[in-house]
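**Student:** The sequence and its predicted three-dimensional model are supplied below.
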Amino acid sequence: MTSSFCYWDGDTLVLNILGRPRAKKTKLGKVIGKQLEIHVAENPVRGHATAHLVTFLAGEFDVPEKAITVVFGVYNVNKQLRIAAPKRLPAVIVKQQKNA
């Protein structure tokens, strides 16, 4: 559908993510191919890292956690998320949109 790590489906932002669990700090990383790398300061046990990631992204995009849907990858480092009506966009998303 797209050659980027993110795209819009109406007012919903679709993100392809490469999760990096067991990080020292949860933070956005760089774009690697068609995925946005995100370091997660949580162990990948029973979906805890993904839950932590959703909480982190809710703050980054200024949305409630329920506005984020994990399409696939709850128990995998390769994930796709849908973020409904984000109120704020991190710099890496803004930069990608300008280059698109």
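**Tutor:** It's in. It should be emphasised that the depicted structure is a prediction, and the values quoted were computed from it without experimental measurement. Numbers count the residues shown, from 1 in each chain.
**Student:** shaky segments in the chain?
**Tutor:** Residue ranges of the chain with pLDDT under 70: 1-3, 100.
**Student:** Where do the helices of it begin and end?
**Tutor:** With DSSP state H as the criterion, the chain has helices at 48-61, 91-99.
**Student:** Quick one: closest of those to Thr26.
**Tutor:** Closest approach to Thr26 among these is made by helix 48-61 (4.8 Å; CB to CB). All C-beta spots, glycine's among them, are computed from the backbone N, C-alpha and C.
**Student:** List the buried residues for that closest one?
**Tutor:** 49-50, 52-54, 56-58, 60-61 (16 or more other CB atoms under 10 Å).
**Student:** Pick the one among those residues closest to Gly33.
**Tutor:** Leu53 (18.8 Å).
**Student:** Which residue, neighbours along the chain excluded, lies closest to the closest one?
**Tutor:** Spatial nearest neighbour of Leu53, chain neighbours left out: Val40 (5.2 Å); criterion: CB to CB, 6 or more residues apart in numbering.
**Student:** hmm, back to that, turn the buried residues of helix 48-61 into a markdown table, columns for distance to Asp9.
**Tutor:** Shown next, in a markdown table, are the buried residues of helix 48-61 (distance: CB to CB, whole Å):
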| residue | distance to Asp9 |
| --- | --- |
| Ala49 | 25 |
| Thr50 | 21 |
| His52 | 25 |
| Leu53 | 20 |
| Val54 | 18 |
| Phe56 | 22 |
| Leu57 | 17 |
| Ala58 | 19 |
| Glu60 | 19 |
| Phe61 | 15 |
